[in-house]
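Undergrad: Give me a 3D structure for the following:
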Amino acid sequence: MSIAENIDLITSHLPTNVRLIAVSKTKPTELLLEAYQHGQRNFGENKVQEMVWKQEELPKDIGWHFIGHLQTNKVKFIAPFVQLIHGVDSFKLLKTIDAEAKKASRIIPCLIQFHIAEEETKFGFSFKEAQEMLNSTDFKSLENVAISGVMGMATYTDSENQVRKEFAHLKEIFENLKSEFFPGNADFKDISMGMSGDYRIAVEEGSTMVRIGSTIFGERNAKQSAI
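TA: Numbering: from 1, shown residues only. Sure, this is the predicted structure:
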């Protein structure tokens, strides 16, 4: 199937309130253009250098989503244009994003990443850590970031019940944060969860944003994935 057909198949399973983020990491720009020409506008990258050169080469109405673990010393390179940072996994990172956004005269939307999987390799806050951050004076002094929701990754497992439980837990975290810290804030609206293997479960559990790569573009090859 073509990239266009793959996008159509995925979007046929998505409610109108769920955005598709085409995860284009390691993929050449010609494949992104195929998706773009079919109407796809949101793309996800996890390497700063790759995102920067793709942003320079591709149409300017693309919304660039940073979806990987972001190092603080790399924030300055994407601050002028990134549309959404999905993986804010520490207060230190959020403060750096705020500082670089101020230099770029922008307010950068961010998602708080939560550790919902059983795998210890995943980054993210616990609910208690997020509460402590959001209650802090330091957080309340930030002016150039906007917390627009939450993000999480389920355990890589064949157990649908476990994946469903973890996604339901992230939805519960979102609801608790909404009522405690963001009541009446229309900008706090997104739950970024679900990838190629589990996005249908994620949507059933309340996802508003799915991050899909291989189902659109095909599997990454080993040589490319080292980029």
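Undergrad: so where's the longest helix in the chain?
TA: Looking across the chain with DSSP state H, the single longest helix is helix 160-181.
Undergrad: Need the CA coordinates for that helix. PDB is fine.
TA: In PDB, the C-alpha atoms belonging to helix 160-181 read as follows (Å, rounded to 0.1, in the frame of the first residue of the first chain):
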ATOM      1  CA  GLU A 160      -3.900  -6.100  25.500                       C
ATOM      2  CA  ASN A 161      -5.300  -5.900  29.100                       C
ATOM      3  CA  GLN A 162      -2.000  -4.400  30.400                       C
ATOM      4  CA  VAL A 163      -1.800  -1.900  27.600                       C
ATOM      5  CA  ARG A 164      -5.400  -0.900  28.100                       C
ATOM      6  CA  LYS A 165      -4.900  -0.600  31.900                       C
ATOM      7  CA  GLU A 166      -1.800   1.700  31.400                       C
ATOM      8  CA  PHE A 167      -3.600   3.900  28.900                       C
ATOM      9  CA  ALA A 168      -6.600   4.200  31.200                       C
ATOM     10  CA  HIS A 169      -4.200   5.200  34.000                       C
ATOM     11  CA  LEU A 170      -2.900   8.000  31.900                       C
ATOM     12  CA  LYS A 171      -6.400   9.200  31.100                       C
ATOM     13  CA  GLU A 172      -7.100   9.200  34.900                       C
ATOM     14  CA  ILE A 173      -3.900  11.300  35.500                       C
ATOM     15  CA  PHE A 174      -5.100  13.700  32.800                       C
ATOM     16  CA  GLU A 175      -8.500  14.100  34.500                       C
ATOM     17  CA  ASN A 176      -7.000  14.500  37.900                       C
ATOM     18  CA  LEU A 177      -4.500  17.200  36.700                       C
ATOM     19  CA  LYS A 178      -7.300  19.000  34.800                       C
ATOM     20  CA  SER A 179      -9.500  19.200  37.900                       C
ATOM     21  CA  GLU A 180      -6.700  20.100  40.300                       C
ATOM     22  CA  PHE A 181      -4.500  22.500  38.300                       C
END
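Undergrad: helices and strands around the next helix or strand after that helix, which ones?
TA: Where DSSP states H and E defines the elements, the next helix or strand beyond helix 160-181 is strand 190-192. Counting contacts by 3 or more Cβ pairs under 8 Å, 6 or more residues apart in numbering; DSSP states H and E, strand 190-192 is packed against strand 145-152, helix 160-181, strand 209-212. For glycine as for every other residue, the C-beta is placed from the backbone atoms N, C-alpha and C.
Undergrad: Give me the distance between the most centrally placed residue in the chain and E204.
TA: Among the residues of the chain, H86 comes closest to the average C-alpha position under Cα atoms, centre = their mean, at 3.2 Å. As judged by Cβ to Cβ, to the nearest Å, H86 and E204 stand 20 Å apart.
Undergrad: what does M153 give?
TA: Distance from M153 to E204, by Cβ to Cβ: 17 Å.
Undergrad: Then V48?
TA: Counting by Cβ to Cβ, the gap from V48 to E204 is 33 Å.
Undergrad: before we move on, the earlier item: M153 and E204: which is more packed in?
TA: M153 (26 against 13; other Cβ atoms under 10 Å).
Undergrad: looking at it, that one is touching E118, isn't it?
TA: No: between M153 and E118 there is no contact under Cβ atoms under 8 Å: 11.2 Å.
Undergrad: so where do the helices sit in the protein?
TA: Using DSSP H, helices in the chain cover 3-11, 29-37, 48-57, 75-78, 91-103, 127-135, 137-140, 160-181, 199-204, 214-217, 222-225.
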